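1. need the 3D shape of this:
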Amino acid sequence: MNVIFDIVQQSFVTETRSKAEAKDELARLRALVDDQQRRLDSLTLAAQAMWELLRAAAKFTDADLVEKMQEVDLRDGEADGKITSGVVSCPRCGRRSRSSRRHCVYCGATLPTHAVFAKE
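-> As a prediction, the model looks like this:
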């Protein structure tokens, strides 16, 4: 009889532990999402402010911006609304690396950056 009780009790302990771990993981993921949302909001605000300054100073139109966005989007050959990492040649060794890297994986040289807002 004690064996059955121990099995049932262990099952409850395991279930409670799993629920607690899931709750902790959910809290961690919510905090991560909140942080990403704050970063996105800040970048959206900065982009809007820069666009308004540029539009006023250089007399560009919203259509000019949309056209340039489409051009940049198509640089990787796909109209998907994303900037995809490309390939760059190392100025020191000439080997090719992903443009998202800061340094050459072969020789350690600093790689050229073609986008001001390159992904980190």
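
2. mind listing the strands for the chain?
-> All strands of the chain, identified by DSSP state E, fall at 87-89, 96-98.

3. which one of those strands lies nearest to residue 7?
-> Proximity to residue 7, assessed across these by CB to CB, is greatest for strand 96-98 (52.6 Å). Heads up, the C-betas are built off the backbone N, CA and C, glycines and all.

4. can you tell me the strand partners of that closest one and which way each runs?
-> Strand pairing for strand 96-98, using DSSP bridges, gives strand 87-89 (antiparallel).

5. what residue spans form the domains of the chain?
-> Using automatic domain parsing, the domain parsing of the chain gives 2-60, 79-120.

6. so which of those domains gets nearest residue 67?
-> Of all those, domain 2-60 sits nearest to residue 67, with 9.9 Å by CB to CB.

7. how long is stretch 71-84 end to end?
-> 13 Å (CA to CA, to the nearest Å).

8. returning to that earlier point: deepest-packed of the domains of the chain, please.
-> Comparing these by mean neighbour count (mean count of other CB atoms under 10 Å), domain 79-120 ranks first with a mean of 13.

9. for residue 40, see how far away residue 27 is.
-> Distance of residue 27 to residue 40, computed by CB to CB, to the nearest Å: 20 Å.

10. all helices for the protein, in order.
-> Remark: helices assigned in the chain by DSSP state H are 2-58, 62-73.

11. okay, those in JSON lines with mean pLDDT and distance to residue 95 next?
-> What follows is the helices of the chain, written out as JSON lines (pLDDT from 0 to 100; distance: least, CB to CB, whole Å):
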{"stretch": "helix 2-58", "mean pLDDT": "92", "distance to residue 95": "32"}
{"stretch": "helix 62-73", "mean pLDDT": "93", "distance to residue 95": "26"}
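
12. would you turn the ones you listed into a markdown table with distance to residue 86?
-> Below are the helices of the chain laid out as a markdown table (distance: least, CB to CB, whole Å):
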| stretch | distance to residue 86 |
| --- | --- |
| helix 2-58 | 21 |
| helix 62-73 | 12 |
